[in-house]
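Undergrad: Below are the sequence and a predicted model for it; my questions follow.
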Amino acid sequence: MNDPETPRGCPVAHHGAELTRLYGPEAATDPAGIYERLRKEHGPVAPVLLEGEVPAWLVLGYRDARRVLDNPRQFTRDARIWRDRADGRVDDNSPLVPMLGWRPDCVSQDGEPHRRLRAAVTDALQAAAGRGIRRHAAHYANKQIDAFADTGRADLVHDYAEYLPMLVLSRLLGLPEAEGRDLVESCAQVLKGGESAVAHDARIQEILGELVARKRSEPGSDLATALLEHRAGLDEDEVVSHLRLVLIAAHTTTSNLLARVLQLVLTDTSRLSGLISGRLNVSEVVEEVMWDSPPLAVLPGRFAASDLELGGHRVQEGDLLVLGLAAGNRDPEIRPDAGVSVQGNQAHLAFSSGPHECPGQNIGQSLIEIAVDVLLHRLPGLRLAVEPEELSSTASTWESRLDALPVEFGG
């Protein structure tokens with residue numbers, strides 16, 4: 001029975017029961033437990049609440065996620081049809097807007113507008129990568145390690161994984177190193193959500209707007225200049241929006257992935273010795289992490305372009321859907337034994353799928369391979385400084401991040 005105050009098509013109206021929140025204390029400490037409980041209660045698609053008590057459908061099933069990601073005609077990325085936003089239930093101050101709101105960038109659009117903008121981003125990223133991504137990664141990896149190499153101890157999250165991707169990205173975008181370091185916290189806060197998310201997002205856009213203004217008069221060999229000069233003819237708002245997209249998406253996912261790769265290596269001596277001896281390739285460890293701990297646990301977002309059925313539920317036009325990448329990768333229908341090796345299997349959801357699949361995944365993987373290689377060869381005797389079970393993580397709606405990775409080395 002629909003409450004007369006509940007909007008048409010809202011998952012609350014559909015189920016008439018208190019919904020699980022993908023934020024708050026429980027979500028911060030046990031997101032995997034929430035995903036599995038929802039799978040048991042609702043199947044491959046579950047009604048949930050996001051920050052601000054905003055209703056959404058969480059897609060938990062692998063096949064259902066692929067259907068959503070691969071079919072933009074049914075499930076659009078264009079947030080202008082998001083009913084709760086259009087009706088004013090999600091205002092400009094909502095912490096969801098930085099992650100879900102419409103922008104003049106390629107991830108907010110489908111069809112020809114998407115193809116035009118994505119071509120510009122892909123071309124610019126390829127040009128940037130061709131100018132020495134591995135060299136930049138090695139340079140900044142060594143620079144970060146220099147700061148703690150003589151101490152015999154470090155926290156590889158705060159001292160290494162959080163900053164290294166941003167330093168490389170700053171070089172690619174054309175930002176001064178100091179500005180890149182300052183933006184680490186702002187990017188993290190956008191993903192964490194909460195009251196400060198919108199303010200941090202505005203700060204990122206302000207800094208990038210100033211960068212684009214500089215590059216119009218002082219072009220260089222960087223991503224900002226490449227976007228400004230691309231034949232697709234991007235306007236200033238489009239350039240700033242794409243620099244923001246690359247900065248937030250690439251930094252948060254790469255730093256999280258690097259931390260998880262290092263965690264896996266340092267909690268398994270056979271993997272650690274295999275990497276040091278050359279018997280094991282870093283890319284194999286990355287692949288394993290992509291399946292078991294994808295850097296984005298939940299991908300925002302898609303919007304139903306019409307009334308339809310998904311996972312046994314009636315989804316209505318304008319409904320918001322968020323993609324459970326971590327849950328989909330562990331879907332028992334496609335992976336009944338999660339302990340079986342996934343080596344050589346790249347069918348995970350970590351990079352999304354379909355027209356909006358991550359265009360910079362090769363850059364991120366190259367950076368991680370260099371980061372791990374430099375670290376292991378610079379720090380002989382690298383080992384965890386705590387027991388593996390003492391390591392902890394904190395989750396937001398969108399990701400689960402390792403809190404710290406304390407290590408010792410030398411001696």
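TA: Thanks, I have it.

Undergrad: next structured bit after the longest helix seen in the chain?
TA: For the chain, the helix with the greatest residue count under DSSP state H is helix 236-266. As assigned by DSSP states H and E, the chain's next helix or strand after helix 236-266 is helix 269-277.

Undergrad: so what secondary structure elements neighbour that following helix?
TA: helix 236-266, helix 282-292, helix 361-378 (3 or more CB pairs under 8 Å, 6 or more residues apart in numbering; DSSP states H and E). To be clear about C-beta, it is placed using only N, CA and C from the backbone, and glycine gets the same treatment.

Undergrad: let's see it at 10 Å
TA: Helix 269-277 sits against helix 236-266, helix 282-292, helix 361-378, strand 383-384, with contacts defined as 3 or more CB pairs under 10 Å, 6 or more residues apart in numbering; DSSP states H and E.

Undergrad: Pull out the buried residues from the first one.
TA: Applying a neighbour-count criterion of 16 or more other CB atoms under 10 Å, one finds 238-266 buried in helix 236-266.

Undergrad: again, but for the second one
TA: Along helix 282-292, the positions that meet the burial threshold by neighbour count (16+ other CB under 10 Å) are 282, 285, 286, 287, 288, 289, 290, 291, 292.

Undergrad: Which of those residues sits closest to residue 104?
TA: Checking these against residue 104 by CB to CB gives residue 290 as the nearest, at 30.0 Å.

Undergrad: Run through the residues that contact the residue lying closest to the closest one once chain neighbours are set aside.
TA: Of all residues not flanking residue 290 in the chain, residue 350 sits nearest, at 4.1 Å (CB to CB, 6 or more residues apart in numbering). Listed by CB atoms under 10 Å, 6 or more residues apart in numbering, the contact partners of residue 350 are 253, 257, 286-287, 289-297, 299, 325-326, 328-329, 358, 361.

Undergrad: tell me the SS of residue 350?
TA: Under the three-state scheme (DSSP: H, G, I helix; E, B strand; the rest coil), residue 350 adopts coil.

Undergrad: Give me the pLDDT for it.
TA: On pLDDT, residue 350 comes in at 91.

Undergrad: Please report the distance of it from residue 198.
TA: Noted for residue 350: a distance of 27 Å to residue 198, by CB to CB, to the nearest Å.

Undergrad: How about residue 216?
TA: Residue 216 is 27 Å from residue 198, by CB to CB.

Undergrad: before we move on, what about residue 264?
TA: 34 Å.

Undergrad: who has more neighbours, residue 216 and residue 198?
TA: Shown here are residue 216 and residue 198; by other CB atoms under 10 Å, residue 198 has more neighbours (20 against 14).

Undergrad: so where does the more buried one fall, helix or strand?
TA: Per DSSP H and E, residue 198 falls inside helix 197-217.

Undergrad: Could you name the helices and strands sitting against the helix or strand just after that helix?
TA: Helices and strands here follow DSSP H and E; after helix 197-217, the next one along the chain is helix 223-228. Applying 3+ CB pairs under 10 Å, 6+ apart, we find helix 223-228 packed against helix 111-130, helix 164-173, helix 197-217, helix 236-266.

Undergrad: I'd like those helices as TSV, with mean pLDDT appended.
TA: Below are those laid out as TSV (pLDDT from 0 to 100):
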stretch	mean pLDDT
helix 111-130	91
helix 164-173	94
helix 197-217	96
helix 236-266	95
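
Undergrad: and those helices as JSON lines, adding distance to residue 50?
TA: Below are these laid out as JSON lines (distance: least, CB to CB, whole Å):
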{"stretch": "helix 111-130", "distance to residue 50": "24"}
{"stretch": "helix 164-173", "distance to residue 50": "26"}
{"stretch": "helix 197-217", "distance to residue 50": "12"}
{"stretch": "helix 236-266", "distance to residue 50": "18"}
